[in-house]
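Visitor: No letters, just coordinates:
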């Protein structure tokens, strides 16, 4: 709290990482969940009797062959979009959602001005039975509105800055009507900037600016050059202009 107070006095606002798509497999919640089907934390994760084919590909295909890993203690498979030691939390569970808000509340009490929301597209993926039946797209994004409402109640000047690397057509869903994330990392501009520098041509950068969807008046892009964890060009590799 002293750090955030001193930072604010110097005109610096502090954001912290909000990583709530997954926990460590060593986390007490997961250790309890795998110990028994009756564990109160069992439904905090996503389990299946067998690997399902409707949950996408691994984020690191060269490192992980599947998003499902069998746990002998649980006698079931658990979902992990990242590494096997990072089991996905079941954000369809209201108890998990409330815990996410408690985590946010803890850090807001310490004086932070908001959060960088890690892996936001995976956070809102609907892994419920309703989602597997095709229960509609919009409910997946309700969590974003819930988190924003909680943030606004606790601290009106705080922000949610999300890591969202998706095609341009899907981006507006993350802003909503200005009632979801206030800011997104501008992966599209970043990737085309890298391409423009490599080619020493401005055309890719011009293309990126044209491709960006409009954003609500209360929202904004977080433009960056190289302050992310890794350089990715997946939104530009299909373009040859």
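Guide: Structure received. Quantities reported herein were computed from a predicted structural model and do not represent experimental measurements. Numbers count the residues shown, from 1 in each chain.

Visitor: Run the chain-centre distance for stretch 151-158.
Guide: In terms of CA atoms, centre = their mean, to the nearest Å, the centre of stretch 151-158 is found 20 Å from the chain centre.

Visitor: what's the answer for stretch 68-82, then?
Guide: For stretch 68-82, the separation from the chain centroid amounts to 21 Å (computed by CA atoms, centre = their mean).

Visitor: Tell me the spacing between residue 159 and residue 195.
Guide: Relative to residue 195, residue 159 is positioned 29 Å away (CB to CB, to the nearest Å). All C-beta spots, glycine's among them, are computed from the backbone N, C-alpha and C.

Visitor: Run through the chain and note the low-pLDDT ranges.
Guide: Where the chain drops to pLDDT under 70, the residues are 125-139, 227-230, 233, 235-241.

Visitor: quick one: the helices in it?
Guide: Secondary structure of the chain by DSSP state H: the helices cover 2-9, 28-35, 94-109, 120-123, 129-132, 142-154, 172-175, 187-199, 203-211.

Visitor: For the second one, give me every contacting residue.
Guide: This points to helix 28-35. With contact meaning CB atoms under 8 Å, 6 or more residues apart in numbering, helix 28-35 is reached by 23-24, 39-42, 44-45, 71, 73-74, 78, 87.

Visitor: domain parsing for this protein?
Guide: 2-20+90-222, 28-79 (automatic domain parsing).

Visitor: just checking, residue 148 touches residue 177?
Guide: No - using CB atoms under 8 Å, residue 148 is not in contact with residue 177, being 10.9 Å away.

Visitor: gap between the two ends of stretch 15-33?
Guide: 31 Å (CA to CA, to the nearest Å).

Visitor: ok, back up a step: take the domains of the chain and lay them out in TSV including mean neighbour count and distance to residue 234.
Guide: Putting those into TSV (neighbours: other CB atoms under 10 Å; distance: least, CB to CB, whole Å) gives the following:
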stretch	mean neighbour count	distance to residue 234
domain 2-20+90-222	16	7
domain 28-79	15	11
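
Visitor: so which of those gets nearest residue 231?
Guide: Distance to residue 231, taken as CB to CB, is lowest for domain 2-20+90-222 among the domains of the chain, at 6.6 Å.

Visitor: and the end-to-end length of the closest one?
Guide: Start-to-end, domain 2-20+90-222 (CA to CA) is 27 Å.

Visitor: can you pull the contacts of residue 79?
Guide: 45-48, 55, 67-68, 87-88, 127.

Visitor: can you do 6 Å?
Guide: Contact partners of residue 79, counting by CB atoms under 6 Å, 6 or more residues apart in numbering, are 46, 67, 88.

Visitor: Just confirm residue 90 contacts residue 47, I think it does.
Guide: No - using CB atoms under 6 Å as the test, residue 90 is too far from residue 47 to be in contact (8.7 Å).
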